[in-house]
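*Asks:* Kindly return the folded structure for what I paste below:
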Amino acid sequence: MARSTGTKVTEKVVKECRDKLMKTKMDLLNRVKEAREKLDLGEKGGDEADQTMRLLAEQEMLNLNDRLRSQLFEIESALGRIEGGSFGVCEETDESIEVERLRAIPWTRLSIEGAEIRESVNRRYAR
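*Replies:* Numbering: from 1, shown residues only. Below is the predicted model of the structure:
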């Protein structure tokens, strides 16, 4: 169970973050749809150069899709934390995440201190 630090995230902040998460989710879903439509519009024939360009465009779209899917997962997770009552609690320190950080990145799982700890641990194991 997360401990409270006295700087609990207010309902107003939670609502602001939920609204931003929902807007961002819809924007991402629209970007995925537009990317797929662009890819489907490409002609199938052509010479080797055309085919190569199409393959590069497909690869770029797949990379974009992976990034969007990852961000959608983070957004869905944040919405789940809102529903579950654990939104705004750092996964690393169990302390409240800074309100300005939540407003800027509402899907964040870490406070600034938690992010620094995790980055330090990752650097240590990367060697």
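
*Asks:* Would you map the helices across this protein?
*Replies:* Using DSSP state H, the helices found in the chain span residues 11-41, 48-84, 99-104, 112-126.

*Asks:* Now mean neighbour count too, for these, in a markdown table please.
*Replies:* The C-beta positions use only the backbone N, C-alpha and C, and glycine is treated the same way. Formatted as a markdown table, the helices of the chain follow (neighbours: other C-beta atoms under 10 Å):
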| stretch | mean neighbour count |
| --- | --- |
| helix 11-41 | 13 |
| helix 48-84 | 13 |
| helix 99-104 | 14 |
| helix 112-126 | 12 |
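
*Asks:* between those, which one is nearest to T93?
*Replies:* Closest approach to T93 among the helices of the chain (C-beta to C-beta): helix 112-126, 4.7 Å.

*Asks:* tell me the contacts of E34?
*Replies:* Contact analysis of E34 by C-beta atoms under 8 Å, 6 or more residues apart in numbering lists nothing.

*Asks:* ok so, going back, may I see the helices of the chain arranged in JSON lines, with distance to T93 and mean pLDDT as well?
*Replies:* As requested, the helices of the chain are exported to JSON lines (distance: least, C-beta to C-beta, whole Å; pLDDT from 0 to 100):
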{"stretch": "helix 11-41", "distance to T93": "19", "mean pLDDT": "89"}
{"stretch": "helix 48-84", "distance to T93": "15", "mean pLDDT": "90"}
{"stretch": "helix 99-104", "distance to T93": "13", "mean pLDDT": "96"}
{"stretch": "helix 112-126", "distance to T93": "5", "mean pLDDT": "91"}
